[in-house]
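Asker: Sharing a model prediction with you, sequence too.
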Amino acid sequence: MTAPPPAAPLEAHALSVVLGGRTVLDRVGLRLEARLWTAIVGPNGAGKSTLLAALAGLRAPAAGTVRLDGRTLGAWSPRERAMRIAWLGQHGEAEGDLAARDVVALGRLPRLGLLGSPGSSDDAIVDAAMRETECDAFAGRRLDALSGGERQRVLIARALAVDAGVLLLDEPTTHLDAPHQRALLRSLRARTARGAAIATVLHDLGLAMAADRLLVLVAGRVAADGPPADPAVRDALVRAFGGAIRILRVADEPDPSGMPDGAGAADPSAAPDAAAGAARTDGRWIVVPRD
């Protein structure tokens, strides 16, 4: 008799969510594995943000369960859950009159509690998160005095400062320019290498193709789940967008961020769309509109 697989840090079983009488998620199942970055992709209205919110315990399911380290979310106290799951919402909220560093320091709140005082280790984690997102240069500026991209980097740093084993990030690249998108992807790679399980909702399919795994949602259901190198996953992604995109493999080039920046020329041996060609674990993938 085969033993069941060990519990993933975060997993959903037959998860359904109903909003306004409409089924937004329909029996979704997934496992967020340690040391892997999963990009959740799909067309508008597919249920991506709703899924991420349900995984974080911020959206109550109509059916199904979410388990954190083998226990249902409800079995954890809010503080215990907040120490284990770091969350960045699509419209990240923070008080505009706080200094950037004070906002990032809020990430330590689950571990310190309301009355706890940060120690040197907490300060070090906050400082490291700000360096990682390159927002340490404006640590003393008020949040409402920052540009959209600067503000987003502060909010990402706040999530990183939780130092949680699971990171759930909804559209983390919003307002970020290309260098800071690259820096974020380097950060995600570094954190998965240290054991984190990461899920991001991304509309930028080119960035999503740098993930270890794609979860393709269509109309609230999982259409595909696997690595971008899997032709079946790429084919499902093309179908999800009505055939309006092509996925190309670019020539192999070392890139510490894993970001498909288009620096290489498209490989002429690659199939012109996701339905064809053998799976490859080398190279990188780009997504382009179909003419």
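Answerer: Structure's in. What do you need?
Asker: In three-state terms, label the residue minimising distance to the centre of the chain for me.
Answerer: The centre of the chain sits closest to residue 200, judged by CA atoms, centre = their mean, with a distance of 1.5 Å. Local secondary structure at residue 200 is given as strand here, using DSSP: H, G, I helix; E, B strand; the rest coil.
Asker: Hmm, it is touching residue 41, no?
Answerer: No: judged on CB atoms under 8 Å, residue 200 makes no contact with residue 41 at a distance of 9.4 Å. Where you see a C-beta, it was placed from the backbone N, CA and C, and this is true even at glycine.
Asker: Need the residues touching each of those two.
Answerer: Both residue 200 and residue 41 are in contact with residue 208, where contact means CB atoms under 8 Å, 6 or more residues apart in numbering.
Asker: Just list whatever residues bridge to the residue nearest to the centre of the chain.
Answerer: residue 39, residue 169 (DSSP bridges).
Asker: So it versus residue 174, what's the distance?
Answerer: When CB to CB, to the nearest Å is the yardstick, residue 200 and residue 174 sit 11 Å from each other.
Asker: Can you give me the buried ones in stretch 67-74?
Answerer: Judged by neighbour count (16 or more other CB atoms under 10 Å), stretch 67-74 contains these buried residues: 67-68, 73.
Asker: ditto for stretch 213-232
Answerer: 213-218, 220, 222-226, 228-231.
Asker: farthest-separated two in these?
Answerer: 220 and 229 (26.0 Å; CB to CB).
Asker: now the helices: where do they sit in the stretch 151-291 of the chain?
Answerer: 178-193, 205-208, 231-240 (DSSP state H, counting those that start in this stretch).
Asker: quick one: contacts for the residue nearest to residue 16 when sequence neighbours are not counted?
Answerer: Computed as CB to CB, 6 or more residues apart in numbering, the closest residue to residue 16 that is not its neighbour in sequence is residue 63, at 4.3 Å. Residue 63 makes contacts with 14-16, 27, as judged by CB under 8 Å, 6+ apart.
Asker: run the last query once more with 10 Å
Answerer: 13-18, 23, 25-27 (CB atoms under 10 Å, 6 or more residues apart in numbering).
Asker: Return the set of buried residues in stretch 82-102.
Answerer: Quick answer for stretch 82-102 (16+ other CB under 10 Å): 82-89, 92, 94, 98-102.
Asker: Tell me how many other residues crowd the nearest residue to residue 218 once chain neighbours are set aside.
Answerer: Closest residue to residue 218 apart from its sequence neighbours, by CB to CB, 6+ apart: residue 240 at 4.9 Å. Counted with other CB atoms under 10 Å, the neighbours of residue 240 add up to 21.
Asker: is it true that residue 240 touches residue 42?
Answerer: Yes: Residue 240 is in contact with residue 42 according to CB atoms under 10 Å; the separation is 5.6 Å.
Asker: so what sits against both of these two?
Answerer: Joint contacts of residue 240 and residue 42 (CB under 10 Å, 6+ apart) are 205, 216-219, 223-224.
Asker: Please, where are all the strands along the chain?
Answerer: For the chain, strands defined by DSSP state E occupy the ranges 10-19, 22-32, 36-41, 63-68, 71-72, 85-88, 166-170, 197-201, 213-218, 221-226, 245-250, 284-289.
Asker: Thanks a lot, catch you later.
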